[in-house]
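Asks: kindly return the folded structure for what I paste below:
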Amino acid sequence: MKTSDEWFNEGMAFFTSGQDEKAVEAFEQVIRLDPDDVAAYVNLAQALYNLQRYQEALAASDQALQLDQNDVQAYETRGGALAGLERYEEALIACNQALALVPNNPGAYFDKGIALAGLGRHKEAVEAFEQVIHLDPGDPGAYVNKGLSLYALRQFDDGLIACEQGQRLDPNNADIYAKKSEILIAMQRYKAALTACKQALRLDPHHVLAHLNTARSLVLRIDPREFDRPTMRSWNVTSEALAECERALEVDPNAVEAYETKAALLYRARNYQAALAALEHVVRLSPQNVEVYVHKATALLLLGRSEQKNEQQRHYTEALVECERALEIDPNAAEAYETKAAILNRLHRYEEALQASEHALSVDVTETGAYAEKSIALHGLGRHQEADQARKCHEEAIDRKPTRRFDFWYFLNRFRLN
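Replies: Just a heads-up that it's a prediction; the model follows:
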C-alpha cells in the first residue's frame, strides 16, 4: 500500500507531465491519508483549475487556506478559479492577497489581469499583463490577453502586435490564432481573420471560437447590400457560415455564442422564425442575458414587417414583451429602449416611441439607432424641424460609434432599418 508521500510524488509527476486527471486522483489519495496536507490541497486545486473544474478548484484552494492562511499559491489559484467562474470582484481580491504576500508574482498578476478584463477595466488589465511580461517575458498568454484588452480599448494595431508576439512564443497554440482572428475581424481584415481561423482549426479541428469566427468572417466580408437583395453568392456564404455554427455546436452543444451567431446569420438571411428558434436556446442557456431578449424583439419586429397586417400586431406585441424582459434585468439597457422605440413607431404610438428613444440616449448618447427612432417619432408628431435635427445626429453618431468587444449583431444591425 502506498504512503501519502508516494502518492504525492506520483501526483507531482502526473501534474508536471500535464496528466491532470491522474494528478487529481493521486492528490485525493494523499488527502484521504493525510487530511491536513496543505501542499496536496494546493496542487489538487491547480490540477482542477487546469481541467477547468473551477468550482472544485475553488473548494480545494479554500481548504488549503483554512490550513495555512499565508499560502500564496492557494490565493493565486483561488483568484484564477473565481475568474473562471466569472466572479471577477472576488477574484481581484484573491489576486491582491497573493500579491501582498509575494509582490513579484507573475501568476497572480496574470489572474488579476483576467479579473480586471472581466470587469471591463481594460486599461488596468493591460498594466497587469505588462507586469507579467516584465516578470516572465516568455509567457505567451500575457501577450495575447494584453492584446485582447488593447482591442477592447479600440487600440487594434497595438492589440494585434501583442497577440502576434504571443503567437511567436507559442506558434502551435490554436487558441492564440482564434483570438487573433477576433482582432482582425474588428479591423475588418476578414481574409486575414479567415487565415487565422484556418490555422487554429488545423491545430485543433474542434476549436469552437475558430469555427464561429470563420462563420462571422465569411459573412462580414460580403457587402451587406448583397443580403438585402439576396444573391446566389450570399446564399452560399450564409449556408457555409451556418455549417460552421453547426460544427461548433457538435463540439459544444451548450455553446451560447454558437447559437447567437447562428441566430444572427439567420436574421441576416431574413429567416426570422429560425433565428427566433436559435435565440430560444440562448435564453435556455443564459436567461439573464439582456441582449438575447433585445435580439428576439428585433427579430419579431422584422417578422412583423414581413407579415400581413393582422399578424403584425401580434408580433409587435410579442416584441414589446421581450423588450420589457430585457429592461427587468437591466433597467438601463439602452438597446432595449431603442428597440422598444422602433416597435412603438411601427404601431404609430409616437409619443411613447419618443420617450423610449430619449431614454435610450440618456443612458448611452452613442446609441445610433435611438436618434433614427427619435426622428421617426418626431415626424409622426408633426415636429419636423426637430426630426431633421435628430436624423442629422443619427448620421454623425454612426461615424463615431465605438466598436464593442466583437458584437456580431452590431455589425449586422447597422443595416437593420436603413
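Asks: now the helices for the stretch 251-400 of the chain?
Replies: Ranges of helices in the stretch 251-400 of the chain, per DSSP state H, counting those that start in this stretch, are 256-268, 272-285, 290-306, 309-329, 334-346, 350-363, 368-380, 384-400.
Asks: pick the most deeply packed of those helices.
Replies: With neighbours defined as mean count of other C-beta atoms under 10 Å, these peak in mean count at helix 334-346, which reaches a mean of 26. The C-beta positions use only the backbone N, C-alpha and C, and glycine is treated the same way.
Asks: where does this protein have low pLDDT?
Replies: 223-232, 306-309, 397-418 (pLDDT under 70).
Asks: which residue ranges of this protein form strands?
Replies: With DSSP state E as the definition, the chain shows no strands.
Asks: quick revisit: would you turn the helices of the stretch 251-400 of the chain into a markdown table with distance to Gln55?
Replies: As requested, the helices of the stretch 251-400 of the chain are exported to a markdown table (distance: least, C-beta to C-beta, whole Å):
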| stretch | distance to Gln55 |
| --- | --- |
| helix 256-268 | 19 |
| helix 272-285 | 18 |
| helix 290-306 | 25 |
| helix 309-329 | 24 |
| helix 334-346 | 32 |
| helix 350-363 | 35 |
| helix 368-380 | 40 |
| helix 384-400 | 42 |
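Asks: to Leu33, which of those helices lies closest?
Replies: For the helices of the stretch 251-400 of the chain, proximity to Leu33 was assessed by C-beta to C-beta; helix 272-285 is nearest, at 40.7 Å.
Asks: just how off-centre is the closest one within its chain?
Replies: Relative to the mean C-alpha coordinate of its chain, helix 272-285 is positioned 18 Å out (C-alpha atoms, centre = their mean, to the nearest Å).
Asks: helices or strands up against that helix?
Replies: Packing partners of helix 272-285 (3 or more C-beta pairs under 8 Å, 6 or more residues apart in numbering; DSSP states H and E): helix 256-268, helix 290-306.
Asks: what does the first one contact?
Replies: With contact meaning C-beta atoms under 8 Å, 6 or more residues apart in numbering, helix 256-268 is reached by 208-209, 211-212, 215-216, 219, 227, 238, 241-242, 245-246, 248-249, 252, 272, 274-276, 278-279, 281-282, 285-286, 289, 292, 295, 298-299, 302, 408-409, 412.
Asks: circling back to that earlier point, adding distance to Val365, write the helices and strands packed on helix 272-285 out as a markdown table.
Replies: A markdown table is the format used below for the helices and strands packed on helix 272-285 (distance: least, C-beta to C-beta, whole Å):
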| stretch | distance to Val365 |
| --- | --- |
| helix 256-268 | 25 |
| helix 290-306 | 18 |
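Asks: of all these, which one is nearest Arg87?
Replies: Counting by C-beta to C-beta, Arg87 lies closest to helix 256-268 out of these; the figure is 18.2 Å.
Asks: now the closest one: how far from the chain's centre is it?
Replies: On C-alpha atoms, centre = their mean, the centre of helix 256-268 falls 14 Å from the chain's centre.
Asks: run the angle between it and helix 290-306 for me.
Replies: Relative orientation of helix 256-268 versus helix 290-306 (axes from the mean of the first three to the mean of the last three C-alpha atoms, to 10 degrees): 20 degrees.
Asks: tilt between helix 256-268 and helix 272-285?
Replies: Per the same axes, to 10 degrees, the angle that helix 256-268 makes with helix 272-285 is 160 degrees.
Asks: could I get the CA-only coordinates of helix 256-268 as PDB?
Replies: What follows is helix 256-268, C-alpha atoms only, in PDB (Å, rounded to 0.1, in the frame of the first residue of the first chain):
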ATOM      1  CA  VAL A 256     -24.100  30.100 -26.300                       C
ATOM      2  CA  GLU A 257     -22.100  32.100 -28.800                       C
ATOM      3  CA  ALA A 258     -22.700  29.500 -31.500                       C
ATOM      4  CA  TYR A 259     -26.500  29.900 -31.100                       C
ATOM      5  CA  GLU A 260     -26.100  33.700 -31.100                       C
ATOM      6  CA  THR A 261     -24.100  33.600 -34.200                       C
ATOM      7  CA  LYS A 262     -26.400  31.200 -35.900                       C
ATOM      8  CA  ALA A 263     -29.400  33.400 -35.000                       C
ATOM      9  CA  ALA A 264     -27.600  36.500 -36.400                       C
ATOM     10  CA  LEU A 265     -26.900  34.700 -39.700                       C
ATOM     11  CA  LEU A 266     -30.500  33.500 -40.000                       C
ATOM     12  CA  TYR A 267     -31.600  37.100 -39.100                       C
ATOM     13  CA  ARG A 268     -29.400  38.500 -41.800                       C
END
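Asks: thanks a lot, see you next time.
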